[in-house]
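Undergrad: return atomic coordinates for the entry below.
(2 chains)
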There are 2 protein chains.
Amino acid sequence: MIPDVIANPAALRRRLHEIRQPNSSVGLVPTMGALHSGHAVLLETARRENDVVVASIFVNPLQFDRKDDLEAYPRTMQQDLQICADHGVDLVFAPSAADLYPQEQLTFVDSPFLSRHLCGEFRPGHFRGVATVVLKLFNIVQPDRAYFGEKDAQQLAIIRRMVADLNAPTRIVAVPTVREPDGLALSSRNKLLSAAQRGIAPVLSRALRGAIQSIESGTRSADLIEQSAIAVLASYPEIRVEYFKVADPGTLEPIRQIAGPALIAAAIWLGTTRLIDNICWLPAGERN
Amino acid sequence: MIPDVIANPAALRRRLHEIRQPNSSVGLVPTMGALHSGHAVLLETARRENDVVVASIFVNPLQFDRKDDLEAYPRTMQQDLQICADHGVDLVFAPSAADLYPQEQLTFVDSPFLSRHLCGEFRPGHFRGVATVVLKLFNIVQPDRAYFGEKDAQQLAIIRRMVADLNAPTRIVAVPTVREPDGLALSSRNKLLSAAQRGIAPVLSRALRGAIQSIESGTRSADLIEQSAIAVLASYPEIRVEYFKVADPGTLEPIRQIAGPALIAAAIWLGTTRLIDNICWLPAGERN
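TA: Presented below is the predicted three-dimensional model:
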């Protein structure tokens, strides 16, 4: 059954007030729609862990640094609602921009230190827009748990820290990246790739796995790992490498010498489509 | 009876979870302690309007731009607890800095546009610190209503806008400034004035009332109003005027020609003590 779709924040709050029992738990899966199997795993995890599951679908203009990117972002509402239905979502919150931003936004949630590295260096204002809309969604839904994919590693680190720093009463649950059989991380933006670009795209995850193998074989110089990976990626004329970096998983600061947990994160362009991916390396003693 | 004093955010949350009945309302009065009759009116209003009243007492280091000011800020915890007891406060939340900031604060709530005028121009980072700690308190206490004095006009405007912009589920209640018989607005900082400074201090509220009279007599030029007031204040060698401004009550932008509601706000220094005050002028048609 297609879940109820609510656009108005006050109406959603009223509805949740009706549904919510004392001690019942609410899980929120915030999305920008164009749902794929990676989102499906978020929805399944939320369904398993909560009494009430809310999915939000909102292409948030505040986090787009380029107007053409906002316009090109895929929108597939009818399919999205079917996927929500298939995974037992109770309520879909699908506001318009005017529902979430009825007046000029003058208040922002900002993580200047965590936002200056990796994607943040190339997308000014992006993570401020992400953190601001996520806090708005948390305040509207008041979820016990919220589900985010590990594919957006910097987003996840910023939101985890936001919840701790602002004492938000929501537990953040990270869900591992889902990949195509050839290794490509699932992303709504994959829809924008041509067949030729789609054929090349898995080189990004291969470069990340190559970096892991290099660390496993004893390489500890981040420079060496980054340069090797960039050389591989740059050998494809269709690819423009935005960054390929080894960073501290908590602070996102660059690491020069690998001595503990390391986030290896990258962004590449294939034509006008930007793809990101990452992988985390843990020393043998720190793995579960 | 002295109310229970809780320092740990998680302990406060557990305690509120025990006390709170379904549909019972919680009112929060956030303070920095050194309570006076102005705070008492906040507490009384909260007591009248809510089932549970929480007062927080926390001298927030994040909002102090000067270390000497943070150190000099008056602290009178035992008296504060008695005042809370006298006004029927149920719980006092009095965290240490380590309770509220257990690790380096990397996430901030910021209103860059509302913070650049009036006090914000002279206290860089102050309102970012205020908005951040208030949102933290809101997330910890989850109050239905929170009470703020009109004396801190810019703070009130920034918090009102924060609640709207971030969809915080808390209603902001503004409480009029309480004054001494000679007009001086009550402030914890009044304790820091020498007898001679205390004698001069009421000139600030007189200058504000003078500005209102001038508008009532037909003056519409903000320049003229500001210059007259600054001339009066500057005639006291003990006073240094930081600013005296006519501003839009919502955006806090300077007004040049008065045509509607006008916030008249000022900050002066008496020795090392900074005093602020304000008054709002409404056209006859917009008064209740």
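
Undergrad: what residues sit buried inside stretch A:255-274?
TA: A:I255, A:I258, A:A262, A:L263, A:I264, A:A265, A:A266, A:A267, A:I268, A:L270, A:T273, A:R274 (16 or more other Cβ atoms under 10 Å in any protein chain shown). Bear in mind the C-beta positions are built from the backbone N, C-alpha and C, glycine included.

Undergrad: which bits of the stretch 51-200 of chain A sit near chain B?
TA: Residues of the stretch 51-200 of chain A lying near chain B by Cβ under 8 Å from any Cβ of the partner chain: A:103, A:105-114, A:131-132, A:135-136, A:139-140, A:142, A:158, A:161-162, A:164-169.

Undergrad: nearest residue to the middle of chain A?
TA: What sits nearest the mean C-alpha location of chain A, by Cα atoms, centre = their mean, is A:D152, with 3.4 Å.

Undergrad: if we can go back for a sec, distance to chain B and secondary structure for the buried residues of stretch A:255-274 - can I get that in a markdown table?
TA: Output for the buried residues of stretch A:255-274, formatted as a markdown table (distance: Cβ to the nearest Cβ, whole Å; DSSP: H, G, I helix; E, B strand; the rest coil):
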| residue | distance to chain B | secondary structure |
| --- | --- | --- |
| A:I255 | 18 | coil |
| A:I258 | 23 | coil |
| A:A262 | 20 | strand |
| A:L263 | 16 | strand |
| A:I264 | 22 | strand |
| A:A265 | 18 | strand |
| A:A266 | 23 | strand |
| A:A267 | 22 | strand |
| A:I268 | 28 | strand |
| A:L270 | 33 | strand |
| A:T273 | 30 | strand |
| A:R274 | 25 | strand |
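
Undergrad: which ones are touching A:A72?
TA: Applying Cβ atoms under 8 Å, 6 or more residues apart in numbering or on different chains to A:A72 gives the contacts A:L192, A:T272.

Undergrad: quick one: pLDDT of it?
TA: Note for A:A72: predicted pLDDT of 93.

Undergrad: pLDDT below threshold where in chain A?
TA: Residue ranges of chain A with pLDDT under 70: A:288.

Undergrad: ranges for the strands of it?
TA: For chain A, the strands defined by DSSP state E cover A:4-6, A:26-31, A:52-57, A:91-93, A:108-110, A:145-149, A:171-175, A:239-247, A:262-270, A:273-281.

Undergrad: out of these, which is closest to B:E44?
TA: strand A:108-110 (33.3 Å; Cβ to Cβ).

Undergrad: hey, where'd the helices end up in chain A?
TA: For chain A, the helices defined by DSSP state H cover A:9-19, A:37-49, A:67-72, A:77-86, A:97-100, A:118-122, A:126-141, A:153-165, A:195-200, A:203-216, A:222-234.

Undergrad: list the contacts for A:T132?
TA: Contact partners of A:T132, counting by Cβ under 8 Å, 6+ apart, are A:L62, A:Q105, A:T107, A:F108, A:V109, B:L166.

Undergrad: over to A:L100?
TA: Contacts for A:L100 (Cβ under 8 Å, 6+ apart) come out as A:P9, A:F58, A:N60, A:V133, A:K136.

Undergrad: so which of the helices of chain A gets nearest B:P124?
TA: helix A:126-141 (18.8 Å).

Undergrad: give me the distance from the closest one to the chain's centre.
TA: Distance of helix A:126-141 from its chain centroid, counting by Cα atoms, centre = their mean, to the nearest Å, is 13 Å.

Undergrad: on that earlier part again, turn the contacts of A:L100 into TSV, columns for neighbour count.
TA: Formatted as TSV, these follow (neighbours: other Cβ atoms under 10 Å in any protein chain shown):
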residue	neighbour count
A:P9	19
A:F58	20
A:N60	22
A:V133	23
A:K136	26
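
Undergrad: can I get those residues in JSON lines with distance to B:H17?
TA: Listed next are those as JSON lines, based on distance: Cβ to Cβ, whole Å:
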{"residue": "A:P9", "distance to B:H17": "25"}
{"residue": "A:F58", "distance to B:H17": "31"}
{"residue": "A:N60", "distance to B:H17": "32"}
{"residue": "A:V133", "distance to B:H17": "28"}
{"residue": "A:K136", "distance to B:H17": "24"}
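
Undergrad: closest to chain B out of these?
TA: A:K136 (4.8 Å; Cβ to the nearest Cβ).

Undergrad: ok, and the closest non-adjacent residue to that closest one?
TA: For A:K136, ignoring the flanking residues on the chain, the nearest one in space by Cβ to Cβ, 6 or more residues apart in numbering or on different chains is B:N167 at 4.8 Å.

Undergrad: quick one, what contacts that neighbour?
TA: By Cβ under 8 Å, 6+ apart, the residues touching B:N167 are A:P9, A:K136, A:N139, A:I140.

Undergrad: got the contact list for stretch A:81-89?
TA: With contacts defined as Cβ under 8 Å, 6+ apart, stretch A:81-89 is touched by A:1-3, A:5, A:29, A:35, A:39-40, A:43-44, A:47, A:53-55, A:92.

Undergrad: look up how far A:L106 lies from the residue nearest to A:K136.
TA: Going from B:N167 to A:L106 by Cβ to Cβ, to the nearest Å gives 14 Å.

Undergrad: and if you look at A:E49?
TA: Counting by Cβ to Cβ, the gap between A:E49 and A:L106 amounts to 36 Å.

Undergrad: and stretch A:241-250, which residues are buried?
TA: With burial defined by 16+ other Cβ under 10 Å, the residues of stretch A:241-250 counted as buried are A:V241, A:E242, A:Y243, A:F244, A:K245, A:V246, A:A247, A:P249.

Undergrad: run the chain-centre distance for that stretch.
TA: Its chain's C-alpha centre and that of stretch A:241-250 lie 15 Å apart, by Cα atoms, centre = their mean.

Undergrad: against B:S221, how distant is A:S96?
TA: For A:S96 relative to B:S221 (Cβ to Cβ), the value is 43 Å.

Undergrad: which one's more surrounded, those two?
TA: Legend: neighbour count by other Cβ atoms under 10 Å in any protein chain shown for A:S96 and B:S221, higher for B:S221 (14 against 11).

Undergrad: show me what contacts the spatially closest residue to the more buried one that is not a sequence neighbour?
TA: Leaving aside its sequence neighbours, B:S221 sits nearest to B:Q257 (Cβ to Cβ, 6+ apart; 6.7 Å). Contacts here follow Cβ under 8 Å, 6+ apart; on that basis B:Q257 touches B:R220, B:S221, B:A222.

Undergrad: got it, and A:R116?
TA: With Cβ under 8 Å, 6+ apart, A:R116 has no contacts at all.

Undergrad: do the one 10 residues further on as well
TA: When the contact criterion is Cβ under 8 Å, 6+ apart, the partners of A:H126 are A:Q63, A:F64, A:D65, A:S115, A:C119, A:G120.

Undergrad: and of the residues you listed, the nearest to chain B?
TA: Using Cβ to the nearest Cβ, the contacts of A:H126 come closest to chain B at A:S115, 9.5 Å.

Undergrad: correct me, but A:R274 touches A:I268?
TA: Yes. Counting by Cβ atoms under 8 Å, A:R274 touches A:I268, with 7.4 Å between them.

Undergrad: show me whatever sits in contact with both of the two.
TA: Listed contacts common to A:R274 and A:I268 are A:E242; contacts here mean Cβ under 8 Å, 6+ apart.

Undergrad: nearest residue to A:W269 other than its sequence neighbours?
TA: Per Cβ to Cβ, 6+ apart, closest to A:W269 is A:R240, 4.2 Å.

Undergrad: if I look at the one you found, how far off is A:R274?
TA: For A:R240, the distance to A:R274 (Cβ to Cβ) stands at 9 Å.

Undergrad: anything in contact with each of those two?
TA: Counting by Cβ under 8 Å, 6+ apart, the residues touching both A:R240 and A:R274 are A:I268.

Undergrad: picking that back up, turn the contacts of A:T132 into JSON lines, columns for distance to B:V232 and neighbour count.
TA: Output for the contacts of A:T132, formatted as JSON lines (distance: Cβ to Cβ, whole Å; neighbours: other Cβ atoms under 10 Å in any protein chain shown):
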{"residue": "A:L62", "distance to B:V232": "45", "neighbour count": "19"}
{"residue": "A:Q105", "distance to B:V232": "39", "neighbour count": "20"}
{"residue": "A:T107", "distance to B:V232": "36", "neighbour count": "24"}
{"residue": "A:F108", "distance to B:V232": "39", "neighbour count": "21"}
{"residue": "A:V109", "distance to B:V232": "42", "neighbour count": "28"}
{"residue": "B:L166", "distance to B:V232": "40", "neighbour count": "23"}
